[in-house]
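Enquirer: Quick one: sequence plus predicted model below, questions after.
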Amino acid sequence: MALKRIFLLAIVAVSGLANAQNVLVWSTGNSGGATSQVAADLMASGAFSSVTGIDDDTGMTQPFLDSFDRVLYFSNTSSNQDPTTVGNLLGNFASSGKRLVLATFSWADQGNNTLAGSILNYSPFAVSGSSLYTDVTIGSTDGSAFWNGVNSINGYFHDNVALANGATLHGSWSDGSALLASNGEVVGVNLFPDASWGLVSGDYNQLFVNSLTAPVPEPATMVALGALLLPALRRRRSR
């Protein structure tokens, strides 16, 4: 009976995430790019019921941000945004337990486009140095659901990051830098998602789709499930 209850709770948790289809793509400092196209590409995947793309340096409010089920955030130049204000908005969103994906140049170490504020308590990555501008491909992955349908990516714009305390690394670039990590429902993708600037190709859009949708189970939950499932499986095999 206890095993059945845990299965049901796990199914409800995953189903709740899968049914959350209202996505915001929010960029700051990307007025010369195509944030709306990033949103359109995500929408074209068929994984979401709505995707809104906004480049907004100063007008974002917490109620508007919180009205979305999932958020993809990335920064570009350091025009008008205040990194602490932006980071606090994102930190408040992350504290709700909803899926938040952070991407390059969030950890750029280049001024106002580098995140500050309370989001640093949730980010899977920490700044380790100035951004990296080198050609990279996927080096290694953990084979998790983040990589479903992702066979190759050619990237260039990525940040010099370190894995934050408590975060889990899921993939690395060919230059050894971290590519994707999670810290609960906050996922870091060390890649600039706006292809209008060039220098990115392959299955990068699918990686961002997966980053917004793939379940990130709590380690404690997986241990508890394993402890209950293994004896049940052994009993079944012995019959």
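Expert: Thanks, I have it. None of the values given here were measured: they were computed from a predicted structure.

Enquirer: Please make it C-alpha for all contacts and neighbour counts, starting now.
Expert: Will do.

Enquirer: need the contact list for the closest residue to His158 other than its chain neighbours.
Expert: Nearest residue to His158 in three dimensions, chain neighbours excluded: Leu191, at 4.9 Å (C-alpha to C-alpha, 6 or more residues apart in numbering). Residues near Leu191 by C-alpha atoms under 8 Å, 6 or more residues apart in numbering: Ala103, Thr104, Phe105, Gly155, Tyr156, Phe157, His158, Asp159, Leu179.

Enquirer: repeat that with 10 Å
Expert: Counting by C-alpha atoms under 10 Å, 6 or more residues apart in numbering, Leu191 touches 74, 102-106, 155-159, 173, 178-180, 200, 204, 208.

Enquirer: And the helix or strand harbouring Val209, what's buried?
Expert: For Val209, the element it lies in under DSSP states H and E is helix 204-213. By neighbour count on 16 or more other C-alpha atoms under 10 Å, the buried set for helix 204-213 is Tyr204, Asn205, Gln206, Leu207, Phe208, Val209, Asn210, Ser211, Leu212, Thr213.

Enquirer: Just the mean pLDDT for that helix, thanks.
Expert: Average pLDDT, helix 204-213: 98.

Enquirer: Run through the neighbouring helices and strands of it.
Expert: Packing contacts for helix 204-213, counted by 3 or more C-alpha pairs under 10 Å, 6 or more residues apart in numbering; DSSP states H and E, involve helix 2-18, helix 35-44, strand 70-75, strand 99-103, strand 153-163, strand 178-183, strand 186-189.

Enquirer: Please identify the pairing partners of the shortest one and their relative orientation?
Expert: Taking DSSP bridges as the criterion, strand 186-189 forms sheet pairs with strand 99-103 (parallel), strand 178-183 (antiparallel).

Enquirer: Check the fifth one too.
Expert: Neighbouring strands of strand 153-163 in its sheet, by DSSP bridges, are strand 125-141 (antiparallel), strand 201-202 (antiparallel).

Enquirer: re the thing from before, just the strands paired with strand 186-189: most buried one?
Expert: Highest mean neighbour count of those: strand 99-103, a mean of 27 (counted as mean count of other C-alpha atoms under 10 Å).

Enquirer: now it: how far from the chain's centre is it?
Expert: Chain-centre distance of strand 99-103: 3 Å, with C-alpha atoms, centre = their mean, to the nearest Å.

Enquirer: contacting residues around Pro83?
Expert: Shown in contact with Pro83 (C-alpha under 10 Å, 6+ apart): Thr28, Asp57, Ser75, Leu89, Ser106, Gly111, Asn112, Asn113, Thr114, Leu115, Ala116, Gly117.

Enquirer: for Trp197, same thing?
Expert: Contacts for Trp197 (C-alpha under 10 Å, 6+ apart) come out as Gly32, Gly33, Ala34, Phe157.

Enquirer: quick one: it and Asn30, what's the gap?
Expert: Distance of Trp197 to Asn30, computed by C-alpha to C-alpha, to the nearest Å: 10 Å.

Enquirer: Just the residues contacting the helix or strand containing Leu65, thanks.
Expert: Per DSSP H and E: Leu65 is located in helix 62-66. Residues outside helix 62-66 that contact it (C-alpha under 10 Å, 6+ apart) are 23-24, 26, 71, 86, 88-90, 92-94, 96, 98.

Enquirer: export it as PDB, just CAs?
Expert: Coordinates of the C-alpha atoms in helix 62-66 are reproduced here as PDB (Å, rounded to 0.1, in the frame of the first residue of the first chain):
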ATOM      1  CA  GLN A  62       7.000  40.000 -10.200                       C
ATOM      2  CA  PRO A  63       3.300  39.400 -10.700                       C
ATOM      3  CA  PHE A  64       3.800  39.200 -14.500                       C
ATOM      4  CA  LEU A  65       6.800  36.900 -14.100                       C
ATOM      5  CA  ASP A  66       4.900  34.700 -11.600                       C
END
